[in-house]
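Undergrad: Any chance you could fold what I've pasted below:
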Amino acid sequence: MTNVDGYWLPRHDQDKLIELLDQIPALVEDLAITIAKQDRMSSGPKIANGSDEQPLPFDENAAQAADELNHELARWVRHTCEQRHLTYDGRDDTITLAAWLKRWIIALALTEGSEEAPHDIRLAVRQARQAVDRPREKHIERPPDESLDVVGLTKDELREAIYARTGQRIPRKHIDNWIRREHITTIEPGYYSLPSALDYLARRDQEKMSA
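TA: Numbering: from 1, shown residues only. I've put the predicted structure just below:
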């Protein structure tokens, strides 16, 4: 039911929604950068495919979040037009849809069901932000020699390094158990010592042979 002002979306929620809509142009730009991965996170080894041309990088998660944000805004534009007998003749891009909702905020507020708009749009915005958030960089002191024996390795890197050295494919759950039981030296949170893992593996194999 409407409030005393006759709005389905109260005035204070209208202001909050306008603030949210104002954030969308910058968010769309961040999504575009992330989708194409045209930033420092995209740097890495090139794929040799017999051609000088490299495949364009693509972030599927960000693309999906961008689509969901666009669909959510389009849904509210369509809902408002249908109930308020308005005609939408703008483009279907996310920025234009957000600008239209901001311009016609009163029409939206007078539309039955619009009390759900801030929550639904905020959820889509939150998911989009999660898709473009940069992971916090880990800063560790790395020695001059960057060989695998002297640098910290992630769990996945550790598994691959053990396989390369020993030919044994260690299950991830075993790596987790070794770390939890402190059989493997932790160099930095999330980074582990390959020599300590190889030493433990050798001792374990020796014990099995002796049993």
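
Undergrad: Thought Val125 was touching Leu27, still the case?
TA: Yes. Applying CB atoms under 8 Å as the test, Leu27 and Val125 come out as touching, 6.6 Å apart. Just so you know, the C-beta spots here come from the backbone N, C-alpha and C atoms, and that holds for glycine as well.

Undergrad: Overlap of the contact sets of those two?
TA: Taking CB atoms under 8 Å, 6 or more residues apart in numbering as the criterion, Leu27 and Val125 both touch Leu69.

Undergrad: quick one, phi psi at the residue minimising distance to the centre of the chain?
TA: With distances taken as CA atoms, centre = their mean, Ala131 lies nearest the centre of the chain, 3.0 Å away. Dihedral angles of Ala131 (phi, psi; degrees, to the nearest 10) stand at phi -70, psi -20.

Undergrad: Return the residues in contact with it.
TA: Leu31, Thr34, Asp59, Asn61, Ala62, Gln64, Ala65, Ala66.

Undergrad: same check, this time on Trp76
TA: Per CB under 8 Å, 6+ apart, neighbours of Trp76: Leu101, Leu108, Ser114, Ala117, Asp120, Ile121.

Undergrad: ok so it is a strand residue?
TA: No. Using DSSP: H, G, I helix; E, B strand; the rest coil, the secondary structure at Trp76 is helix, not a strand.

Undergrad: I'd like the distance between it and Pro195.
TA: Applying CB to CB, to the nearest Å, the value for Trp76 to Pro195 is 58 Å.

Undergrad: what about Tyr88, how many neighbours?
TA: Number of residues near Tyr88 (other CB atoms under 10 Å) recorded here: 15.

Undergrad: Chain neighbours aside, what residue packs nearest to it?
TA: Using CB to CB, 6 or more residues apart in numbering and skipping residues adjacent in sequence, the residue nearest Tyr88 is Cys81, 5.2 Å away.

Undergrad: how about the helices in this protein?
TA: Remark: helices assigned in the chain by DSSP state H are 11-22, 24-36, 60-84, 94-103, 105-109, 117-132, 155-166, 172-180, 194-210.

Undergrad: and the residue nearest to the centre of the chain, how far is that from Ala124?
TA: Where Ala124 is concerned, Ala131 sits at a distance of 11 Å (CB to CB).

Undergrad: shared neighbours, these two?
TA: Ala65.

Undergrad: Relative to Gln168, which of the contacts of Ala131 is nearest.
TA: Asn61 (33.0 Å; CB to CB).

Undergrad: what residues are up against that closest one?
TA: Taking CB under 8 Å, 6+ apart, we find Asn61 in contact with Ala131.
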